[in-house]
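Give the three-dimensional model of this entry:
(chains A and B)
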Amino acid sequence: MKAERTNISERYPLLDQFESYLVQKYPYMRTLIARNYETFGDKWRGDLENLLERMFGNRDDALRLAVDGYVTFALDALRLQKRFEKERRYFNKSYEEAAAAVYHNETYMTSLYLPGILLSHFLWPHHYRQKEFCEISFIRDIQRSKDRTFFDVGIGTGFYSRLVLEKVPDAVGQGFDISKHSKQYTEMQVRSFGFQSRYRVTLRDVVKDTPKEQTPFLMSVEVLEHLEDPLSFLRALRRMLKPGGKAFITAAITAPNEDHIYLYNNSEEVLEQLRKADFKLEQCLVAAGYPPKNDEPVPLIGAYIVT
Amino acid sequence: MSKEKVQSIFREVFENDGLEIFPEMTARDVVKWDSFNHINLIISLEEAFQVRFTTEEISKMANVGDLVKVLQAHGKDVSWQ
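I've put the predicted structure just below:
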């Protein structure tokens, strides 16, 4: 057992350090890493080690801050989920209010929201399943394509842009967002992997100011639920996609957060909007954060490959 | 207030009607006390006692005794009698 532990520490030093911080400060989180590893296996461990090494290697304080950010983020999300179970609605917030409270709030974005989301891609099972689905069903098509340019609209932490740049070594991408903190965080992530020459971020609201150029591959990951009018946004994405192009679009369903203002009650509601925006469904994945105990709503992601 | 209210929340969260809590009790002593159910426990306690714990306070809750101390620090009358 001890030898096995030493082996893991040597092979995954950052993950080991991450787990030590987590368990030291939040002892009740001790099963988090093991549970995900049991579910997803060695690839999960390797993927997370890679991210931690690039983003936090040699930056002990940043790793500790990310641990704190993740725990607070996860706790807040579950608090809101419990409230949602009773009220079945999101906060009555406008887009402008959510933007001021979250996207333009530097402290909240950099110390809690962005590290929290970044780590949730590995620590929340439905987020990791979404990433795997993207790799298998979308990124492989970019690898096979002659034109390997892509757009990422609503970049968040830059996780998905970085993933494409990593998996497709000659891909060239452009990210769009309205938050300068997302831009900075994404640029840091892309730079830490050495992909900065193949990627740029533009601060732009693509609904108000849709780019004229089109792309063969487009991603927009968990953006729709942040908008008052997601259909107009989807129509803008449609205009940005070349004829014959392919998009990876996802949405959070029955999953409240500080900045989620548009409630999707089920996957069909997302699909209906995709159809109205003239997208055609090729594949989809719906995954839950955890199984319901009874019939309460649980956080879901819906991920859609559309043309 | 006795430990009964805290105990009833433990029993509900961990789905064990016979669960008896004690100050030194940790997650290792309770089946189903994992990271997910710990957060459920925290949220249930917050609702029942009308408090909001900080992340720092939650980090100090290594056992049930610590958890009760945090409730007491919030002015809640919880004792082991």
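
Show me what counts as buried in the helix or strand that contains A:Glu268.
Element membership of A:Glu268, judged by DSSP states H and E, is helix A:267-276. Using 16 or more other CB atoms under 10 Å in any protein chain shown as the test for burial, helix A:267-276 gives A:267, A:270-271, A:273-274. Every residue, glycine included, has its C-beta placed from N, CA and C.

for stretch A:212-223, same thing?
A:215-223.

ok, now stretch A:195-211?
A:195, A:198-199, A:201, A:204, A:206-207, A:211.

coming back round to it: quick check: what element follows the helix holding A:Glu268 along the chain?
strand A:281-288.

What ranges does chain A have for its helices?
A:2-11, A:13-25, A:31-56, A:60-87, A:95-98, A:106-108, A:114-123, A:125-134, A:140-144, A:159-167, A:180-192, A:230-240, A:267-276 (DSSP state H).

what does the fifth one contact?
Right, the one you point to is helix A:95-98. Around helix A:95-98, the neighbours that count as contacts under CB atoms under 8 Å, 6 or more residues apart in numbering or on different chains are A:226-228, A:258-259, A:261.

so where does the residue in chain B that chain A sits nearest to fall, helix or strand?
Nearest residue of chain B to chain A: B:His38, at 3.6 Å (CB to the nearest CB). Using DSSP H and E, B:His38 falls within helix B:35-49.

Spit out the contact partners of the residue in chain A that chain B sits nearest to.
Nearest residue of chain A to chain B (CB to the nearest CB) works out as A:Tyr28 at 3.6 Å. A:Tyr28 makes contact with B:27, B:33-35, B:38-39, B:61 under the criterion CB under 8 Å, 6+ apart.

again with A:Asp205
Counting by CB under 8 Å, 6+ apart, A:Asp205 has contacts A:Ile178.

Have a look at the chain and report the helix or strand with the lowest mean pLDDT.
With no chain named, the answer covers chain A. Least confident helix or strand, chain A: helix A:2-11 with a mean of 74, by mean pLDDT, DSSP states H and E.

please go with chain B instead
Per mean pLDDT, DSSP H and E, bottom of the list for chain B is helix B:55-59, a mean of 85.

what's that helix in contact with?
Contacts for helix B:55-59 (CB under 8 Å, 6+ apart): A:25-26, A:68, A:71-72, A:75, B:42, B:70, B:73.

same thing with stretch B:16-33?
Contacts for stretch B:16-33 (CB under 8 Å, 6+ apart): A:27-28, A:30, B:3, B:6-7, B:10-11, B:14-15, B:34, B:38, B:41, B:62-65, B:68, B:80.

which non-adjacent residue is nearest the residue of chain B closest to chain A?
A:Tyr28 (3.6 Å; CB to CB, 6 or more residues apart in numbering or on different chains).

hang on, the earlier thing: report the buried residues of the helix holding B:His38.
Those would be B:35-45, B:49, for helix B:35-49 by 16+ other CB under 10 Å.

Could you pull up the contacting residues of the residue nearest to A:Phe56 when sequence neighbours are not counted?
Closest residue to A:Phe56 apart from its sequence neighbours, by CB to CB, 6+ apart: A:Leu63 at 4.1 Å. Going by CB under 8 Å, 6+ apart, A:Leu63 touches A:14, A:17-18, A:21, A:52, A:56.

one more time with 7 Å
Contacts of A:Leu63 were listed using CB atoms under 7 Å, 6 or more residues apart in numbering or on different chains, and they are A:17-18, A:21, A:56.

who wins for most neighbours among those?
The most crowded member of the contacts of A:Leu63, judged by other CB atoms under 10 Å in any protein chain shown, is A:Phe18 (23 neighbours).

circling back to that earlier point, and the two most separated of the contacts of A:Leu63?
A:Tyr21 and A:Phe56 (10.4 Å; CB to CB).

Can you check which strand is longest in chain A?
Secondary structure of chain A read by DSSP state E shows that its longest strand is strand A:241-253.

what's A:Ile253 in contact with, if anything?
Counted by CB under 7 Å, 6+ apart, A:Ile253 has contacts A:264, A:266-267, A:270, A:300-302.

what's the closest of those residues to A:Asp177?
Distances from A:Asp177 to the contacts of A:Ile253, taken by CB to CB, are shortest for A:Ile301, at 19.6 Å.

Quick check: bridge partners of the closest one?
Beta-bridge pairing for A:Ile301 (DSSP bridges): A:Ala252, A:Ala287.

Could you verify my assumption that it touches A:Ala252?
Yes. With contacts counted by CB atoms under 7 Å, A:Ile301 reaches A:Ala252, the gap being 6.1 Å.

Show me the shaky parts of the chain.
By default, I'm working from chain A. A:1-6 (pLDDT under 70).

wait, I meant chain B there
If you take pLDDT under 70 as the line, chain B has these spans: B:1-2.

ranges for the helices of it?
B:4-13, B:35-49, B:55-59, B:64-73.

Using TSV, please lay out these together with distance to A:Glu296.
Listed next are these as TSV, based on distance: least, CB to CB, whole Å:
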stretch	distance to A:Glu296
helix B:4-13	14
helix B:35-49	12
helix B:55-59	23
helix B:64-73	25
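
Count the neighbours of residue 67 for me.
Picked chain A for this. Around A:Val67 there are 24 residues (other CB under 10 Å).

hmm, I had chain B in mind actually
When neighbours are counted by other CB under 10 Å, B:Leu67 comes out with 24.
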